[in-house]
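Enquirer: Got a predicted structure plus its sequence, pasted below:
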Amino acid sequence: MLALVAAPSREEKVELREVPEPQTRADEALVEVRAISLNRGEVNRLATAADGWRPGWDVAGEVLKPAADGSGPVAGQRVVGFSNFGGWGQRAAIPSANLAVVPESVSLALAATLPVAGVTALRLLRLGGNLLQRRVLITGASGGVGRIAVQLAHQSGARVTGVVGGAERAAGLEQLGADQVVVGIEKAEGDFDLILEAAGGASLAQSLKLVCPRGTVVAYGNSAREPTTFLVNDFYLKQPRLVGYFLVGDAAARPVGEDLARLLELVATGRLDPQLALEASWREAESALEALRERRVAGKVVLHLD
Ligand SMILES: NC(=O)c1ccc[n+]([C@@H]2O[C@H](COP(=O)([O-])OP(=O)(O)OC[C@H]3O[C@@H](n4cnc5c(N)ncnc54)[C@H](OP(=O)(O)O)[C@@H]3O)[C@@H](O)[C@H]2O)c1
């Protein structure tokens, strides 16, 4: 079968190649993949990956062969799932606990946006507890995780501030539920109960100043690829929490299927728009990856396996 694999000599470090068919364990379904979505974490990992490495977390398609242990969706059902890498291929073996059935009214392309970006946004917000009337700051609000987190935080009753890199990147965020959008985190004025921080570097240092006493900062990315320096005295006097979050590790302990089903229901009932901003053939993966890397996408990228 064909798959997108790491190719260090290529501009975007990826190319389509023949690879062996996946082998399924008893708890895994074999999925005929129709659509995949791209994440910044995959772009970053491809930058240093060895030749032949198989990326790919987000897959949507149809079940070819259900899990041998009888768990999960049956043959022919439309599903979306989370693969611990290796998902960007014509077929993928996915644990049934990481799959959800896609409702008729939701396209496979839209469903494919949800495993990493949607489940991460949902689980990050849960770390803030009850968000009713809480102030939530979301850095990278223009991106894949950010645009979903803005909507879920707003629906939870939070007062949401989004941070973007330029005025044009703010487009649509107020309609999605942001009460305020600032260009650059320096423009944000504290105190915030919950801060979702993935820009990294100086943005994390600034977040530690903006968190309210006993509030929570969740560090879940480092898009800037920079170290963070901060004066710890300013931080500990307020007694906040600095929490790390990593979906791949979390999903190994707590599979994502049920959360995916919850997100699909929100999409099916019009309460969540995953902001699918760029769709292309997987034969055009390089230009799509370049657009994502260069911060030219306001939301999610989905590739169709045509
Ligand atoms: N820990 C986890 O489990 C987990 C899960 C998902 C994602 N992540 C991480 O979370 C971040 C967001 O992921 P995503 O898929 O939503 O990415 P994305 O779609 O590319 O969005 C990231 C946003 O961050 C902003 N940003 C600020 N500084 C940046 C920089 N130096 N380089 C690139 N972007 C910058 C960009 O917005 P502006 O251009 O408006 O500034 C961009 O829209 C990434 O760092 C990713 O690795 C972590």
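Expert: Alright, I've got the coordinates. Numbering: from 1, shown residues only.

Enquirer: Need phi/psi at the residue nearest to residue 212 when sequence neighbours are not counted.
Expert: Distance criterion CB to CB, 6 or more residues apart in numbering; nearest residue to residue 212, sequence neighbours excluded, is residue 191 at 3.3 Å. C-beta here means a position set from N, CA and C on the backbone, and glycine is covered the same way. Main-chain torsions, residue 191, degrees, to the nearest 10: phi -100, psi 140.

Enquirer: what's the spacing between residue 191 and residue 238?
Expert: The gap separating residue 191 from residue 238 is 9 Å, by CB to CB, to the nearest Å.

Enquirer: Now list whatever residues contact both of those two.
Expert: The overlap between the contact sets of residue 191 and residue 238 (CB atoms under 8 Å, 6 or more residues apart in numbering) consists of 211, 212, 213, 215.

Enquirer: Doesn't the second one lie inside a helix?
Expert: No - counting by DSSP: H, G, I helix; E, B strand; the rest coil, residue 212 falls outside a helix, being strand.

Enquirer: That one reaches residue 135, doesn't it?
Expert: Yes - at 7.3 Å, residue 212 and residue 135 qualify as touching, with contact defined as CB atoms under 8 Å.

Enquirer: shared neighbours of those two, anything?
Expert: Contacts common to residue 212 and residue 135, judged by CB under 8 Å, 6+ apart, are 191, 192, 193.

Enquirer: which among those end up buried?
Expert: The neighbour-count test (16 or more other CB atoms under 10 Å) marks 192, 193 as buried among the shared contacts of residue 212 and residue 135.

Enquirer: Residue 293: which of the shared contacts of residue 212 and residue 135 is nearest?
Expert: Nearest to residue 293, judged by CB to CB, of the shared contacts of residue 212 and residue 135 is residue 192 at 28.8 Å.

Enquirer: Look up which residues are beta-bridged to the closest one.
Expert: residue 211 (DSSP bridges).

Enquirer: Check what pLDDT it gets.
Expert: Per-residue pLDDT puts residue 192 at 98.
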